[in-house]
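[1] When you get a sec, could you give me coordinates for this:
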Amino acid sequence: MSESDRTDKLRQIKDEIVNLTQSPLYDYRVKNSYYPVIGQGSHFAKIMFIGEAPGENEAKTGRPFCGASGKVLDDLLESINLKREEVYITNIVKDRPPENRDPVKTEINLYAPFLDRQIEIIQPQVIATLGRFSMEFILTRLDAPEKKMKITALHGKLIKAQAAYGEVQVVPLFHPATALHNRSPEQREILFKDFEVLKQFV
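    A predicted model of the protein is given here:
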């Protein structure tokens with residue numbers, strides 16, 4: 001698929017989400033003058049990062065991972081000599097849930113097909129999931145044998161899975177925010193150590 005084809009298809013997804021009036025999060029977006037957070041990065045990215053849903057900073061700017069946890073993600077990318085523009089970063093749910101609560105099933109079911117299309121358009125070699133929620137969603141979506149396992153057992157490991165376009169490696173990672181909430185040097189070290197598994201795809 002050419003650059004222009006990918007751009008057109010991703011733009012179509014953006015337009016559909018911008019006008020997604022049937023979303024239970026649409027009115028909350030409009031009331032707060034928020035933006036949907038579609039995704040950002042290379043349309044030919046080898047590595048796609050997938051989080052859960054946008055936070056307040058993200059919804060105010062329309063950019064994924066642009067707050068404090070985004071700074072941690074930037075540090076992680078820098079640690080393996082990767083730039084943001086070389087990867088693709090998105091979330092399962094594209095609008096911010098109120099009070100940063102977890103997305104509910106109806107919201108996930110509504111937004112998930114957009115993520116499916118993003119994955120099929122970009123065709124990454126690696127899907128790096130950011131946090132337990134994203135890991136469980138992706139492993140279940142791809143019907144990986146490890147889908148019932150916990151992130152404490154799977155973090156930093158390469159998991160082979162089958163996407164619509166062929167084989168893909170899933171790498172479960174702890175959410176960058178854990179380095180902020182936990183404040184322990186050990187948790188930060190785990191994040192950086194786990195991230196090194198992505199070096200081979202740079």
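[2] Check which element follows whichever helix in the chain runs longest along the chain.
    In the chain, taking DSSP state H as the definition, the longest helix is helix 105-122. Later in the chain than helix 105-122, the nearest helix or strand by DSSP states H and E is strand 126-130.
[3] For the chain, which strand extends over the most residues?
    Of all segments of type strand in the chain, defined using DSSP state E, the longest is strand 166-173.
[4] Name the residues of that strand that are buried.
    In terms of neighbour count (16 or more other Cβ atoms under 10 Å), strand 166-173 has its buried residues at 168-173. C-beta here means a position set from N, CA and C on the backbone, and glycine is covered the same way.
[5] Could you dump those residues into TSV and include pLDDT?
    Putting the buried residues of strand 166-173 into TSV (pLDDT from 0 to 100) gives the following:
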residue	pLDDT
168	98
169	98
170	98
171	98
172	98
173	97
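[6] Would you mind giving these as a markdown table with distance to residue 65 added?
    Converted to a markdown table, the buried residues of strand 166-173 look like this (distance: Cβ to Cβ, whole Å):
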| residue | distance to residue 65 |
| --- | --- |
| 168 | 21 |
| 169 | 21 |
| 170 | 19 |
| 171 | 16 |
| 172 | 17 |
| 173 | 12 |
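[7] the inter-axis angle of the longest strand of the chain versus helix 105-122?
    With axes from the mean of the first three to the mean of the last three Cα atoms, to 10 degrees as the basis, strand 166-173 and helix 105-122 are set at 130 degrees to each other.
[8] Give the partner strands of strand 166-173 in its sheet and their orientations.
    Partners of strand 166-173 in the sheet, by DSSP bridges, are strand 126-130 (parallel), strand 159-163 (antiparallel).
[9] Quick check: which of these is buried the most?
    Compared across these, strand 126-130 shows the largest average neighbour count, a mean of 25 (mean count of other Cβ atoms under 10 Å).
[10] Now tell me which helix or strand of the protein has the poorest mean pLDDT.
    In the chain, no helix or strand scores lower on mean pLDDT, DSSP states H and E than helix 178-181, which sits at a mean of 77.
[11] The next helix or strand after that helix: how far from the chain's middle?
    Sequence-wise, the next helix or strand downstream of helix 178-181 (DSSP H and E) is helix 185-195. Taking Cα atoms, centre = their mean, to the nearest Å, one finds the center of helix 185-195 at 19 Å from the center of the full chain.
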